[in-house]
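Trainee: sequence below, structure please.
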Amino acid sequence: MGAAAFDKVLGIIPNGKKLADIEKLLTQCKLYVALYGDTDANGKLVAEFIAKAKVAILARTPATRSGKPNKTRRSLRNLRAPRFQADGN
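Mentor: Predicted coordinates for the structure are as follows:
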């Protein structure tokens, strides 16, 4: 993903340009896709960013010496869209 596409994702996500933490940005992106879907151009771009960011982060984050994934790798693998209850909470 190029710099122009990344800047566009930051413009799509509410407060995206203010987020300095990649995990918060990925969480906001997942929320965006969960709320608005990935059928329109913005949703597709955000979903593409999520997939590419996870791959890039996992490639740059080494496993620990024991061969077990470190905390960042585990948290990225477990990153899922939030579950909403039927009453809207």
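
Trainee: for L19, phi and psi?
Mentor: phi -80, psi 130 (degrees, to the nearest 10).

Trainee: identify the residue nearest it in space, chain neighbours excluded?
Mentor: Counting by Cβ to Cβ, 6 or more residues apart in numbering, L25 is the residue found nearest to L19 once chain neighbours are left out, at 4.6 Å. Every C-beta, even on glycine, is put in place using the N, C-alpha and C of the backbone.

Trainee: the one you found - how many residues pack around it?
Mentor: 19 (other Cβ atoms under 10 Å).

Trainee: okay, buried residues for the lengthiest helix in the chain please.
Mentor: Longest helix of the chain, by residue count under DSSP state H: helix 41-60. For helix 41-60, the neighbour count (16 or more other Cβ atoms under 10 Å) marks 42-43, 45-47, 49-50, 53, 57 as buried.

Trainee: same check on stretch 21-31?
Mentor: For stretch 21-31, by 16+ other Cβ under 10 Å, it's 25-26, 28-30.

Trainee: again with stretch 10-22
Mentor: Within stretch 10-22, the residues that count as buried by 16+ other Cβ under 10 Å are 10, 12-13, 16, 19.

Trainee: quick one: the helices in the protein?
Mentor: Going by DSSP H, the chain shows helices at 3-12, 22-36, 41-60, 71-77.

Trainee: want to throw those helices into TSV with mean pLDDT?
Mentor: Output for these, formatted as TSV (pLDDT from 0 to 100):
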stretch	mean pLDDT
helix 3-12	85
helix 22-36	89
helix 41-60	87
helix 71-77	57
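
Trainee: re earlier: now compare the buried residues of stretch 10-22 and name the two farthest from each other.
Mentor: I12 and L19 (12.3 Å; Cβ to Cβ).

Trainee: would you mind measuring from G43 to D21?
Mentor: 22 Å (Cβ to Cβ, to the nearest Å).

Trainee: and for L45?
Mentor: From L45 across to D21, the span is 20 Å (Cβ to Cβ).
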